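Trainee: no sequence on hand, only this structure:
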């Protein structure tokens, strides 16, 4: 502890508190009952929520006058204000022998890194008594302690309020982006643009152009059959439920993904052949498809790996969709900004005709993320396949309107990214405020001193003398 202000003193923690180590009671239950009290384990102290109740008769009881310290586990050294209830075996209850309870509580908050970083034990870490009981506690005169605590808690409440407001920003931005996508893919975002461009060709005309170009450039009978299937007259019609939209403009049309592009997946060259890897051909894994733009890949394959697997080199502008993956992966998408190969768990929508803007399809997939995930099947983890991807619904605006939609979406998302970056910077600054304010408090820099305050020597005289036996007991706690 650095030098304390004039009129202050310091003393080891062992001389300033009495203590009770918690224990596990004989009986614990999940509901209240006669003779049972709240069971104060780490969760109850950290979250303020009671999950269990302990038999009072066989428990050690904490009180509102205590300061609780987590004694065992990864959170060793974490402190909380006392509550009425049975303290668990991982909790130490401290009772200040003189001075303010909240003074001790806030001081121990400043010591978390010291306590937690110097635990002992080869299994579950626990507080090292030698470190803990020898912490030097700064003591201001009692009236000054009260003034500092009052000022400190006023400031910390403001910091907390600021933190809570900042924590709402990512949620609000997520909703904003989703609203932008919904407006973009329903035509609302370009309603004014359509009024100024009434002569624009319709989506239906564009879809027919896509069909003709795809047939003209098809490289195999299989591909021609897939195109014919995608455009066959008896295709099930798409309604509002399929699109998850209320309506779209009259100049737009609906279709399936299989109508606008070639849908293929890739493969993984054998890992048993080192010569297939660490080459120059980019290879995308499903974990790299994260609603992002791909300009590089973690792994690359060699020409031998390319020739000895069923991968194909996909052109820049291809839109990728993860078909398999736990957590959030399945249904996420990406746009290739490089020519690359992909693994078997990714579907690629190849748009060689230039009549669908890659970024528009990418944003459509992002809007449809939850709906796409629900279309997975299988007895194990739900998964998509290329055929299911071909059957996914799509809305097709005229080409020039697609371009305008993408331009507006990118501008709005860039604005959201700027706000997110500023919020993150502000969050980092706020995270530094609590330790900074606490440090100022225990340097005596928050409130002016009063020369008429009762000196700390009088405060120390009130502390009962501790026997060597009691101190030895603390060292073993």
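Mentor: Cool, the structure landed. Keep in mind it's a predicted model, so treat the numbers as computed, not measured. Numbers count the residues shown, from 1 in each chain.
Trainee: the residue nearest to residue 318 when sequence neighbours are not counted: how many residues sit nearby?
Mentor: Leaving aside its sequence neighbours, residue 318 sits nearest to residue 336 (C-beta to C-beta, 6 or more residues apart in numbering; 4.6 Å). C-beta coordinates here come from the backbone N, C-alpha and C atoms, glycine included. Counted by other C-beta atoms under 10 Å, the residues lying close to residue 336 total 23.
Trainee: hmm, residue 336 is touching residue 297, no?
Mentor: No: counting by C-beta atoms under 8 Å, residue 336 does not reach residue 297; the two are 9.8 Å apart.
Trainee: shared neighbours of those two, anything?
Mentor: Residues touching both residue 336 and residue 297 (C-beta atoms under 8 Å, 6 or more residues apart in numbering): residue 284.
Trainee: tell me the centre residue of the protein?
Mentor: By C-alpha atoms, centre = their mean, the chain has its centre lying nearest to residue 170, at 9.7 Å.
Trainee: that one belongs to a strand?
Mentor: No: read with DSSP: H, G, I helix; E, B strand; the rest coil, residue 170 is helix and lies in no strand.
Trainee: contacts only, for it.
Mentor: Residue 170 makes contacts with 420, 423, as judged by C-beta under 8 Å, 6+ apart.
Trainee: measure it to residue 21 for me?
Mentor: Applying C-beta to C-beta, to the nearest Å, the value for residue 170 to residue 21 is 41 Å.
Trainee: equivalent analysis for residue 391, please.
Mentor: Distance, residue 391 to residue 21, using C-beta to C-beta: 64 Å.
Trainee: show the pLDDT at residue 234.
Mentor: At residue 234, the model reports a pLDDT of 70.
Trainee: repeat for residue 468
Mentor: pLDDT, read off for residue 468, is 40.
Trainee: got it, and residue 382?
Mentor: pLDDT, read off for residue 382, is 68.
Trainee: again, but for residue 400
Mentor: 96.
Trainee: strands paired with the top strand by length along the chain, and their directions?
Mentor: Longest strand of the chain, by residue count under DSSP state E: strand 277-284. Paired neighbours of strand 277-284 in the sheet (DSSP bridges): strand 299-301 (antiparallel), strand 341-342 (parallel).
Trainee: for it, buried residues please.
Mentor: By 16 or more other C-beta atoms under 10 Å, the buried positions in strand 277-284 come out as 277, 279, 281-284.
Trainee: average pLDDT across it?
Mentor: Averaged over strand 277-284, pLDDT sits at 98.
Trainee: pairing partners for the following helix or strand past it, with directions?
Mentor: Where DSSP states H and E defines the elements, the next helix or strand beyond strand 277-284 is strand 292-294. According to DSSP bridges, strand 292-294 forms sheet pairs with strand 333-336 (parallel).
Trainee: can you pull out the helices in the stretch 301-450 of the chain?
Mentor: Remark: helices assigned in the stretch 301-450 of the chain by DSSP state H, counting those that start in this stretch are 303-307, 358-367, 369-374, 386-390, 399-441.
Trainee: please identify the buried residues of stretch 45-61?
Mentor: 45, 50, 52-56, 59-61.
Trainee: pull the most distant pair out of those.
Mentor: 45 and 55 (19.2 Å; C-beta to C-beta).
Trainee: burial of residue 64, as a residue count?
Mentor: A count of neighbours around residue 64, defined by other C-beta under 10 Å, yields 9.
Trainee: repeat that for residue 196.
Mentor: 8.
Trainee: look up phi and psi at it.
Mentor: Taking degrees, to the nearest 10, you get phi -90, psi -10 for the backbone angles of residue 196.
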